[in-house]
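Trainee: generate a structure from the sequence data that follows.
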Amino acid sequence: MVLADTLIQLAYDAGIKPNSGGLPGLPVLKQVMDSVSLFAITAVVGALRSRETLTAHLMASPSPGRFRNSAS
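Mentor: Down below sits the predicted model:
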């Protein structure tokens with residue numbers, strides 16, 4: 001119970017006081033999250049585009065055994 005009481009106390013008062021301008025680093029965190037989101041969107045679009053290209057290529061190419069010489 002002592003550990004639980006200590007955790008509850010820390011949850012209510014962690015001893016961190018914000019400066020007058022708000023939390024430091026919040027604009028940087030927002031910029032990082034925007035960059036991660038942009039990267040994720042770009043990666044998904046690239047993966048979907050690659051899948052379409054691969055599917056089109058596989059549909060257009062002949063199967064490996066179709067033109068094989070049966071004598072060899």
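Trainee: in the chain, what spans have low per-residue confidence?
Mentor: Counting by pLDDT under 70, the low-confidence segments of the chain come to 14-19, 21-24, 61-72.
Trainee: swap in 90 and give it another go.
Mentor: Within the chain, the stretches with pLDDT under 90 are 1-33, 46-72.
Trainee: hey, which helix is longest across this protein?
Mentor: The single longest helix within the chain, with elements called by DSSP state H, is helix 26-60.
Trainee: how about that helix: buried residues?
Mentor: Taking 16 or more other Cβ atoms under 10 Å as the neighbour-count basis, helix 26-60 is seen to contain no buried residue. For every residue, glycine as well, the C-beta is placed using N, CA and C.
Trainee: mind giving me the packing neighbours of that helix?
Mentor: Helices and strands in packing contact with helix 26-60 are not found; criterion 3 or more Cβ pairs under 8 Å, 6 or more residues apart in numbering; DSSP states H and E.
Trainee: residue contacts, residue 51?
Mentor: The neighbourhood of residue 51, defined by Cβ atoms under 8 Å, 6 or more residues apart in numbering, contains no residues.
Trainee: what does residue 31 give?
Mentor: In this structure, residue 31 makes contact with no residue, judged by Cβ under 8 Å, 6+ apart.
Trainee: and it, how close does it get to residue 50?
Mentor: 28 Å (Cβ to Cβ, to the nearest Å).
Trainee: what is the burial count for residue 13?
Mentor: If you count neighbours by other Cβ atoms under 10 Å, residue 13 ends up with 7.
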